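1. Show me the folded form of this:
(one chain, ligands or ions: 2)
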Amino acid sequence: MSPSDLPPRESMEFDVVIVGAGPAGLAAAIRIKQLSPETSVVVMEKGSEVGAHILSGAVVDPIGIDKLLPEWRKESDTPFKTPVTDDRFYWLFKKAAIRVPNFLMPPLMSNHGNFVVSLGNVCRWLAKKAEALGVDVYPGFAAAEVLFDDKGAVMGVATGDMGVSKNGEHRSDFTRGVELRGKYTLFAEGARGSLSKQLIQRFGLAEGRDPQKFGLGLKEIWQVAPEKHKPGLVQHSFGWPLDNKTGGGSFLYHFEDNQVAVGFVVHLNYTNPYIAPFEEFQRFKQHPSVRPTFEGGKRICYGARAITEGGWQSVPKLVFPGGALVGCAAGFINLPRIKGSHNAILSGIQAAEHVAAALKSGRANDELTEYENSWRASEIGRDLKKVRNAKPFWSRFGTMIGLAFAGLDMWTNTFGFSLFGTLKHGKPDSKTLEPASKFMPIQYPKPDGVISFDKLSSVFLSNTNHEEDQPVHLIVAQPALQKASEHDIYAGPSARYCPAGVYEWVEEPTGPRFQINAQNCVHCKTCDIKDPNQNITWVPPEGGGGPNYPNM
Ligand SMILES: Cc1cc2nc3c(=O)[nH]c(=O)nc-3n(C[C@H](O)[C@H](O)[C@H](O)COP(=O)(O)OP(=O)(O)OC[C@H]3O[C@@H](n4cnc5c(N)ncnc54)[C@H](O)[C@@H]3O)c2cc1C
Ligand code: SF4
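-> Ligands and ions are numbered 1, 2, ... in the order given. Sure thing, here's the model as predicted:
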């Protein structure tokens, strides 16, 4: 049935439509209501509840929350329960760990005054604040399509139709999507947002900017033995198990209730298609300086999510007629600090202030140029500019020399200058793989089921759930190209980069078949970023599907 034969979609009118109930979207919603209580604001969230799809470290710099809710420290029950008490950096070698003295670290890397949190719980708390101010928060609704008016301006979004079967037929529970129309629409979808990606292409927002860069972050939460728990201890490492050419590192944060968040980020500009970020993470936990923390403990949650790494050079133009990008949909991560939630909140606040001013003067569906023109001189720009060369140095010179240069540059930037100007990022991450014939397959150790695990038992701990009878939400544009290139040249890296075991090349008598276990997808977006031909597109499945993270 073609769309014109379908019954029309119902539509709802708001002043402001916000896509994504992460820190950026919720901060924007709250600020608009603080400034102008009569403005109608809706926030749509694809997770089954607010926080269900949020995965972060997280050590949060409170600069954003202090600005959004200055009274929060007076509240008795907030999700900011664990102040950082001890901040350590290690350089890992196979059998040793060398601590980098804190005085060598540029001051901007200090975590003093920050909090270890579950960002999912922060979002749940922010959503309550937003609702108390009168914001409509709709979890379980994925924005699947951008709506444009006849002049080409964005005028809202639509949810996908529900009740469509695997084969595209209408099931008995078929219902049409709903249109949510707004005078302004803010896209707060986080890293590699599916609608944000379309808008960046359609409006040429990335023109004149460096390509966006990404990492894949994998994370587990452990309940550890009480004697091993040191609330507020924050540890980062680089080096082993990654080789010098592959960027990335670990984080290990002790937070409330004897819980430890442990995670590993692999930069997605790696070249060797045999690298498996999930296996690197499992291997990392076996390091003699790391393993003891988890012995006698229990792993309670697993998940993965892409993180933007391009920073200052890669932030696209933020505005287009009718809307704007906020938070990690634009890529406001400070990579050396592995922090972006403070900038997500600050950008939500900034966009909201410009939206509120525009609405007040009777404007609608035009460009919020003031937001684009002001962020680089704001606290977000100041945060990102100082660290702009860290990622280019790391990519060019590898971990050992690259980080030495990055450290030097961050020190000089502390005093307001750089010896290197602004270095450029190289190619997009989809273009960095080299043919498999140049490498030997990597033999990763087998999981021991105590500290290290396999993918499927891990995905189980993400509580991922999708309606099975729905179209696959991972669209392979040209199946023949997938075989000729991804399989034949690169030896099927999707089976290794996907942290949820979604992709498999199944050898059959007729040849290899690309199998997509879409129901396992944890919505990390890595396939959309790393496929060497950009032949895989992630689109939102039915609303409410995906992981159900309790406190990631
Ligand atoms: C492994 C890892 C560790 C990190 N550690 C830290 C840290 O320690 N400190 C720190 O400050 N930052 C950290 N970050 C970065 C931080 O998590 C992000 O900067 C922050 O989450 C960005 O907020 P956001 O609101 O822009 O996007 P997100 O937090 O990604 O939220 C986006 C929301 O939008 C929803 N959504 C997306 N698309 C749609 C759609 N089409 N329809 C409806 N809903 C949609 C998603 O489900 C999600 O709930 C880390 C990130 C990762 C991946
Ligand atoms: S299918 Fe893609 S988005 Fe889903 S978990 Fe795998 S790599 Fe991530």
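
2. Touching the longest helix belonging to the chain from outside, list them.
-> If you go by DSSP state H, the chain has its longest helix at helix 390-414. Helix 390-414 is contacted from outside by 104-109, 213, 238-239, 242, 244-247, 267, 269, 309-311, 313, 335-336, 385-387, 389, 418-420, 423-426, using Cβ atoms under 8 Å, 6 or more residues apart in numbering. Where you see a C-beta, it was placed from the backbone N, CA and C, and this is true even at glycine.

3. what about the next helix or strand along the chain from it, average pLDDT?
-> Following helix 390-414 in sequence order, the next helix or strand is helix 455-460 (DSSP states H and E). What helix 455-460 shows for mean pLDDT is 97.

4. For the longest helix of the chain, buried residues please.
-> In terms of neighbour count (16 or more other Cβ atoms under 10 Å), helix 390-414 has its buried residues at 390-395, 397-399, 402-403, 405-410, 413.

5. Contact partners for the nearest residue to P79 once chain neighbours are set aside?
-> In this structure, P79 finds its nearest non-sequential neighbour in N121, 4.2 Å apart by Cβ to Cβ, 6 or more residues apart in numbering. When contacts are counted by Cβ under 8 Å, 6+ apart, N121 is found next to 51, 79, 551.

6. for those, which one is nearest ligand 1?
-> Distance to ligand 1 across these (Cβ to the nearest ligand atom) is lowest for G51, with 7.4 Å.

7. Check the gap between that closest one and A330 for me.
-> Distance of G51 to A330, given as Cβ to Cβ, to the nearest Å: 21 Å.

8. Could you do T159 as well?
-> Relative to A330, and taking Cβ to Cβ, T159 is found at 23 Å.

9. ok, the two, which is more surrounded?
-> Between T159 and A330, A330 has the larger neighbour count (other Cβ atoms under 10 Å), namely 30 against 24.

10. so where's the chain shaky on pLDDT?
-> Along the chain, segments meeting pLDDT under 70 span 1-4.

11. Next to ligand 2 in this structure, residues from it, please.
-> Within the chain, the residues that sit near ligand 2 (Cβ under 6 Å from any ligand atom) are 474, 498-500, 502, 521-527, 538.

12. So how do I select the buried members of these in PyMOL?
-> Of these, the buried ones can be selected in PyMOL as follows, counting by 16+ other Cβ under 10 Å:
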select buried, resi 474+498+499+500+502+521+522+523+524+525+526+527+538
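
13. Let me see the backbone angles for the closest residue to ligand 2 within the stretch 201-350 of the chain.
-> Nearest residue of the stretch 201-350 of the chain to ligand 2 (Cβ to the nearest ligand atom) works out as A304 at 6.6 Å. Main-chain torsions, A304, degrees, to the nearest 10: phi -150, psi 150.

14. Can you give me the neighbour number for it?
-> A304, neighbours per other Cβ under 10 Å, totals 28.

15. Run through the residues that contact it.
-> 55, 216-219, 278, 499-500, 522, 524, 526.

16. before we move on, what about K81?
-> 115, 117, 255-256 are the contacts of K81 under Cβ under 8 Å, 6+ apart.

17. now T159
-> 44, 141-144, 177-178, 180, 543.

18. Now intersect these with the strands, please.
-> Counting by DSSP state E, those place 44, 143-144, 178, 180 in strands.

19. Mark which of the contacts of T159 are buried, thanks.
-> Buried, going by 16+ other Cβ under 10 Å: 44, 141-144, 177-178, 180, 543, out of the contacts of T159.

20. What count of nearby residues applies to E45?
-> By other Cβ under 10 Å, neighbour count at E45 equals 30.

21. same question, the one 5 residues further on
-> The local packing of V50 (other Cβ under 10 Å) involves 26 other residues.

22. Same check on L6?
-> 13.

23. Now it: closest residue in space that isn't a chain neighbour?
-> R176 (6.3 Å).

24. does the one you found really touch R9, like I thought?
-> Yes. If you go by Cβ atoms under 8 Å, R176 and R9 touch, sitting 5.0 Å apart.

25. Name the residues contacting each of the two.
-> Counting by Cβ under 8 Å, 6+ apart, nothing touches both R176 and R9.

26. ok, which residues in the stretch 1-150 of the chain are in contact with ligand 1?
-> 19-25, 44-47, 53-60, 119, 142-143.

27. if you set the cut-off to 8 Å instead, what comes out?
-> 19-27, 44-47, 50-61, 119, 123, 141-144 (Cβ under 8 Å from any ligand atom).

28. ok, and what's touching stretch 533-546?
-> 46-48, 52-53, 139-144, 159-160, 162, 192, 194, 430, 464-467, 470, 473-478, 481-482, 485-486, 494, 518, 521-523, 525, 527-528.

29. tell me which residues in it are buried?
-> Quick answer for stretch 533-546 (16+ other Cβ under 10 Å): 533, 535-546.

30. distance of G22 from E45?
-> 8 Å.

31. can you check F460 too?
-> 23 Å.

32. same thing with A377?
-> For A377 relative to E45 (Cβ to Cβ), the value is 32 Å.

33. quick one: the helices in the stretch 451-552 of the chain?
-> All helices of the stretch 451-552 of the chain, identified by DSSP state H, counting those that start in this stretch, fall at 455-460, 479-481, 494-497, 526-530.

34. possible to save those helices as JSON lines with distance to F148?
-> JSON lines is the format used below for the helices of the stretch 451-552 of the chain (distance: least, Cβ to Cβ, whole Å):
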{"stretch": "helix 455-460", "distance to F148": "37"}
{"stretch": "helix 479-481", "distance to F148": "30"}
{"stretch": "helix 494-497", "distance to F148": "33"}
{"stretch": "helix 526-530", "distance to F148": "22"}
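
35. Quick check: which of those helices is buried the most?
-> Across the helices of the stretch 451-552 of the chain, averaging neighbours per residue (mean count of other Cβ atoms under 10 Å) puts helix 526-530 on top, at a mean of 24.

36. Show me what it packs onto, helices and strands only.
-> Applying 3 or more Cβ pairs under 8 Å, 6 or more residues apart in numbering; DSSP states H and E, one finds that helix 526-530 makes contact with strand 214-223, strand 298-308, helix 494-497, strand 536-538.

37. Report whether it contacts ligand 1.
-> No. Interface with ligand 1: helix 526-530 contributes nothing (Cβ under 8 Å from any ligand atom), its closest point being 10.8 Å away.

38. Now do that helix: everything it contacts.
-> By Cβ under 8 Å, 6+ apart, helix 526-530 touches 192, 194, 197, 214, 216, 268, 304, 306, 429-430, 433, 474, 493-494, 497-499, 502-503, 536-538.

39. Restricting to those, which residues neighbour ligand 1?
-> 194, 304, 306.

40. Among these, which one sits closest to ligand 1?
-> Looking across these and measuring by Cβ to the nearest ligand atom, the closest to ligand 1 is S194, at 5.5 Å.

41. Around ligand 1, pick out the residues from the stretch 201-350 of the chain.
-> Residues of the stretch 201-350 of the chain lying near ligand 1 (Cβ under 8 Å from any ligand atom): 215, 217-219, 251, 253, 263, 265, 304-308, 326-330, 332-333, 337-344, 347-348.

42. In helices, which of those residues appear?
-> Per DSSP H, these map to helices at 341-344, 347-348.

43. of these, buried ones?
-> Counted by 16+ other Cβ under 10 Å, those give 341-344, 347-348 as buried.

44. what ranges do the helices span in the stretch 51-200 of the chain?
-> Under DSSP H, counting those that start in this stretch, the stretch 51-200 of the chain gives helices at 63-68, 119-132, 194-202.

45. okay if I get the ones you listed as TSV plus distance to F89?
-> Shown next, in TSV, are the helices of the stretch 51-200 of the chain (distance: least, Cβ to Cβ, whole Å):
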stretch	distance to F89
helix 63-68	22
helix 119-132	22
helix 194-202	33
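
46. Between those, which one is closest to T293.
-> T293 lies closest, by Cβ to Cβ, to one member of the helices of the stretch 51-200 of the chain: helix 119-132, at 21.4 Å.

47. how far does that closest one sit from the chain's center?
-> 18 Å (Cα atoms, centre = their mean, to the nearest Å).

48. Equivalent analysis for stretch 211-224, please.
-> With Cα atoms, centre = their mean, you get 9 Å for stretch 211-224.

49. This completes my enquiry, with thanks.
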